[in-house]
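Trainee: Attaching a predicted model along with its sequence, questions to come.
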Amino acid sequence: MLQLSIRFESNEKQEDAPITVSLFRPDEGVSTASAPFTPPLDDRVLTDLRWYIEVYSSWPTGPDYVRAEEIQTNVENWGYSLLQSITQEREAVQIWQQFFDADDSGKLITIDATDPRVLRLPWELLADEGGHLFARGISVRRRLRKTLVSKTKSFDLPVRVLMVVSRPYDVPFIDPRADAQALLEALEKLGNRAEVEFLQTPTLAALNKRLRDKNQPPVHVLHFDGHGQYDGEKGMGYLLFENNDNKKHEVDADQLGTLLNGCGVPLMVLSACQSAKQEANNPYASVAARLIQSGVGSVLAMNYKVLVTTTEKFVSAFYGELAQGQTIGQAVDAGRAALLADDERHTFTRRNEKGDLVEETLRLRDWFVPALYQQADDPIVFAHSKGDSSETTATRKLPVALTDPVSPGGLPATSKYGFHGRSFELLQLQRTFIDKSIVILHGFGGIGKTALAAEAGRWFYRTRRFPGGAAFVNFEHGGSLQQMCSWVGQAVSGDPDFVIGDGDPVARVAGLLQEKPALVILDNFESVLGRAPLMPAEELKAVLDAVWLWADGNAKKFSPHGSRILITTQDTTFNDSRFSPSQACRHVELQGLAPHDALTLAAMILETHGLDRSQVNRQDLLDLMERLGGHPLSLNLVLPQLRKHTAAELSARFEELLPGFKEGAAKERNETWLRQL
């Protein structure tokens, strides 16, 4: 790869010391003499850029659109000004032109500096008369010139990615699957050339322990997905990990850098706001810079606050290109290109002049938010080498139970409208299963218990929590101990003849679940409980005894990585103290969909039935869905009627049939009635 280094020097002991710049071509061994450098972008421009990314996207008003348009118009000019500022001398122009004209498939510009006045500039915007350089195959990275190159691990196959997904309860909630889904989909095609591991407890202590555990495989890529912030008063960047109570633990750049020092991680991806932000006099105040100083080979971080839709789009393209054998810098540029090509991905809801809620799509060009810091080389993560049998592109073969609903113990298929929302509920289940072996998920019929349980089975397998997959047993029409053992055994083992053999089937399944940890889902369990159960009392006791054994209920030592039991039911009266809330068991009540998730489901229902969303009054639709309590089954039954009636007419019709449907004391009773539809 052809490289050009832009070197900046200044007297660090003098705050306003003059800055000089020189250009160096390592391949040719030539450089320019140092020339005076003056930052071409002042505080006003930098403030405009930060406002555009961090403020404008949240709640724009009339004058904001004009200001944003002016900024978008000037971005390329500002990038050109940055290039002009480093090529003012004739010698610098010659070296730049030679570098630009050279016939090479990959080119890399390194911003080599420690002066915060240089680091705070948006070098990712670099452009010439033809446009931004990244789009022309010229990558831009940052390097802290005085950083000693530390030894990092090589990207030996299989490359192991460690995902740290931090979602403290006391900060705004973000879907914990956004980055993870994009990453998994991009890397699944690599088969056994890549391994993705999820840190089960996203604490700093757990991360430190995992990275220093010599008995586990080395980590090559550390991906932190969570909140970040830059404290201007303290002049320091922070990542928000979780503490033992799942609340935020503010970890500053110094603390994180010290703990990671010497771990030799080749690549760290920070999908966190302001993780590369640099404003203070300390060149290592940003999390990204401090991690480079601590010995991380490459750090991909964010200069500004970043939208979830942005990280999801970028992560997908970035890891997709890494999987194709591109360098880290080239993969970053592919991510930038994906963002630039789709600048209408951000939508939000607010009230118009009439007071009605409307959906607005905001045009936002935020491709320059990611920043790449590197120590030395720009490596290829997934190198291709001929004749290596480990480099199969075959995807991992999924357990039959996860793909075939009619197989014994197979998970039910996703509905025709897809699975929407429930990201917080999935996180709640994940956290609960850390120290509970049984979860009883209860709620009204049609509230979505079965759909959530099935999605949990699929998602927890994808995230490697349950390598044995999942087994689904439906008790809606009764059941038996023998059937439960048969279905669970076949689903987890993958052997259709599992139940044929000597020995107690309950004990055999228990041994299987210890060998291959899995999620066992017992659905519609209310059918074998209550006043008219579909199962004799002695059979029910035998089933509960088996479940208790499979959950290691009698074990003296709890296994944090063992199998788990998820029971869905409308009735929590088990008449068995072992299944009351305790150290081993937790009851979780499932509520209706959150308004945003209900709206997403509604959009899919309308689309499936050929209904134009723009023709449906948004406020009336929200009012109708609120009356339905976010109840998925009710939404599935009622919303297709929008082909014949407006949302307001449906609400009025329900009011005629059910007085008090729209408001008043009868509203709750009517919601209950709808849930039985």
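Mentor: That came through, no problem.

Trainee: just checking, F579 touches S437?
Mentor: No. Taking contact to mean C-beta atoms under 8 Å, the distance of 11.3 Å between F579 and S437 leaves them out of contact. No exception for glycine: its C-beta is placed from N, CA and C like everyone else's.

Trainee: any common contacting residues for the two?
Mentor: Overlap of the contact sets of F579 and S437 (by C-beta atoms under 8 Å, 6 or more residues apart in numbering) consists of C585.

Trainee: And the strands in the stretch 101-250 of the chain?
Mentor: 107-112, 127-128, 131-132, 138-143, 159-165, 194-198, 221-225, 228-231, 236-242, 248-252 (DSSP state E, counting those that start in this stretch).

Trainee: So for the last one, what gets flagged as buried?
Mentor: When you say that, I think you mean strand 248-252. 248-249, 251-252 (16 or more other C-beta atoms under 10 Å).

Trainee: Including distance to R143 and pLDDT, could the residues you listed go into TSV?
Mentor: Below are the buried residues of strand 248-252 laid out as TSV (distance: C-beta to C-beta, whole Å; pLDDT from 0 to 100):
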residue	distance to R143	pLDDT
K248	31	96
H249	30	97
V251	24	96
D252	22	94
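
Trainee: Pick the one among the residues you listed closest to L211.
Mentor: If you rank the buried residues of strand 248-252 by distance to L211 using C-beta to C-beta, V251 comes first, at 14.1 Å.

Trainee: Show me which of the buried residues of strand 248-252 is closest to Q14.
Mentor: Using C-beta to C-beta, D252 comes nearest to Q14 of the buried residues of strand 248-252, at 26.5 Å.

Trainee: Return the set of residues that bridge with the closest one.
Mentor: Under DSSP bridges, the beta-bridge partners of D252 are Y238.

Trainee: Now for it: which residues touch it?
Mentor: In this structure, D252 makes contact with 234, 236-238, judged by C-beta under 8 Å, 6+ apart.

Trainee: Please indicate which of these are buried?
Mentor: Buried subset of these (neighbour count, 16+ other C-beta under 10 Å): 236-238.

Trainee: Output these as a markdown table; include the columns pLDDT and distance to V171.
Mentor: Listed next are the buried ones among the contacts of D252 as a markdown table, based on pLDDT from 0 to 100; distance: C-beta to C-beta, whole Å:
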| residue | pLDDT | distance to V171 |
| --- | --- | --- |
| M236 | 92 | 18 |
| G237 | 94 | 16 |
| Y238 | 96 | 12 |
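
Trainee: tell me which of the buried residues of strand 248-252 is nearest to I71?
Mentor: The closest of the buried residues of strand 248-252 to I71 turns out to be D252 (C-beta to C-beta; 30.9 Å).

Trainee: closest to G29 among the contacts of D252?
Mentor: Closest to G29, out of all of these and judged by C-beta to C-beta, is G237, at 36.3 Å.

Trainee: residue contacts, the closest residue to the closest one other than its chain neighbours?
Mentor: Take G237 and drop its neighbours on the chain: the residue closest to it by C-beta to C-beta, 6 or more residues apart in numbering is V287, 4.2 Å away. By C-beta under 8 Å, 6+ apart, V287 lies in contact with 228, 237-239, 253, 256, 270, 272, 275-276, 301.

Trainee: Okay then, goodbye and thanks.
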